[in-house]
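A.B. asks: Compute the structure for the input listed below.
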Amino acid sequence: MTQPLLFDSPAQSAPALWRRLWREPSARWGLIIVALMVLAALVAPLVAVWLGHGETEQFRDSALSDMGIPIGPTAAFPLGADDNGRDVLVRTLYGARVSLFIAVPATTLAMIIGLFVGLVGGYRGGRTDAICQQLINLVLSFPFVVTALSLLALNQGGESGPRVDPVWVVIFVITFFSWGYFARLSRGLVLDLRQQEFVSAAALMGVSPWRILWRDIVPGVLPTMGIYWAIQLPTNIIAEATLSFLGVGIPAPAASLGNMIADVQRSAMYQVQPWFLAAPALALFLTVLGFNCLSSGLRNVLDPHLERRSS
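C.D. replies: The predicted structure is shown next:
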């Protein structure tokens, strides 16, 4: 059974945790990469103002040659232009912004739902646990791509446009397909913690079940859930990029890393302007790499079992 990840001391301070994270190479590089990607996403509007190029603004006269070929990197267009004369750097920054805006709240909401379901099912046991298990199995049995395509297609309102902002639909889809994994993980951790002596002692002292749950069990579950959040986040970023690549995520002309890569694939302009493909692909790669390194480092820091084995 999965072992819970616990802090070395309940009184471990946040500054001490940050120092340990910074000393861990994987966590340090992950923090640096993630911080740079978040910063790049935040400064997207400032870069757009500085260059004078909007996210969807086209500059066909200055960004395309007489033959309609997008120009390469220049002072005015640091990463060149796409086949519509739009600034690739500006669109890449906005695309990273969209990916993080969708993946972070979707993953966080999935973690909250999964944590609640796992806590209730794992601690109450019996019929409650059986119902939670069946609900988790039902959700995880849906095929992601088919279900997502169906929901997003139903959201189309014809000439009047989407019934609901596609951003919120994509967040809902990703949350729906992610919370089950968090629920399974939290349930396993709760089942393990229920057998610990400090939980049994609290029950014998007459402490209420809800107090035991929130005071003794939740603190033992949260570190592992936080690590899994960092693991699941890049998966959800790729999920959003996949939906946008398929044309059912963030609608054009708004920039998303997925629909930018899809534009490249459709036009084949990357053969004459490689940054047209390299910029969004590299941004997606770095974002996923950063969170993967961060999650690995978090596990090395927060898992006392790993520390004992290495000592």
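A.B. asks: Run a quick neighbour tally on Glu57.
C.D. replies: Using other C-beta atoms under 10 Å, Glu57 has 16 other residues around it. Bear in mind the C-beta positions are built from the backbone N, C-alpha and C, glycine included.
A.B. asks: ugh, wrong one, I meant Leu185
C.D. replies: 21.
A.B. asks: What residues does the closest residue to Leu213 other than its chain neighbours make contact with?
C.D. replies: Closest residue to Leu213 apart from its sequence neighbours, by C-beta to C-beta, 6 or more residues apart in numbering: Tyr123 at 5.6 Å. Tyr123 makes contact with Val190, Arg194, Pro209, Leu213, Ile217 under the criterion C-beta atoms under 8 Å, 6 or more residues apart in numbering.
A.B. asks: Apply 10 Å and report the result again.
C.D. replies: When contacts are counted by C-beta atoms under 10 Å, 6 or more residues apart in numbering, Tyr123 touches Asp129, Arg187, Val190, Leu191, Leu193, Arg194, Val199, Pro209, Trp210, Ile212, Leu213, Ile217.
A.B. asks: likewise Tyr270?
C.D. replies: Tyr270 touches Pro70, Asp82, Asp83, Ile261, Asp263, Val264, Phe276, Leu277, Ala278, Ala281, counting by C-beta under 10 Å, 6+ apart.
A.B. asks: what's the spacing between it and Pro280?
C.D. replies: As for Tyr270, its distance to Pro280 is 10 Å (criterion: C-beta to C-beta, to the nearest Å).
A.B. asks: For stretch 225-232, buried residues please.
C.D. replies: Met225, Gly226, Ile227, Tyr228, Trp229, Ala230, Ile231, Gln232 (16 or more other C-beta atoms under 10 Å).
A.B. asks: what's the closest of the residues you listed to Val145?
C.D. replies: Gln232 (17.6 Å; C-beta to C-beta).
A.B. asks: that older thread, which of the contacts of Tyr123 lies closest to Gln58?
C.D. replies: Arg187 (51.4 Å).
A.B. asks: Would you point out the helix or strand in this protein whose mean pLDDT is lowest?
C.D. replies: helix 304-310 (a mean of 48; mean pLDDT, DSSP states H and E).
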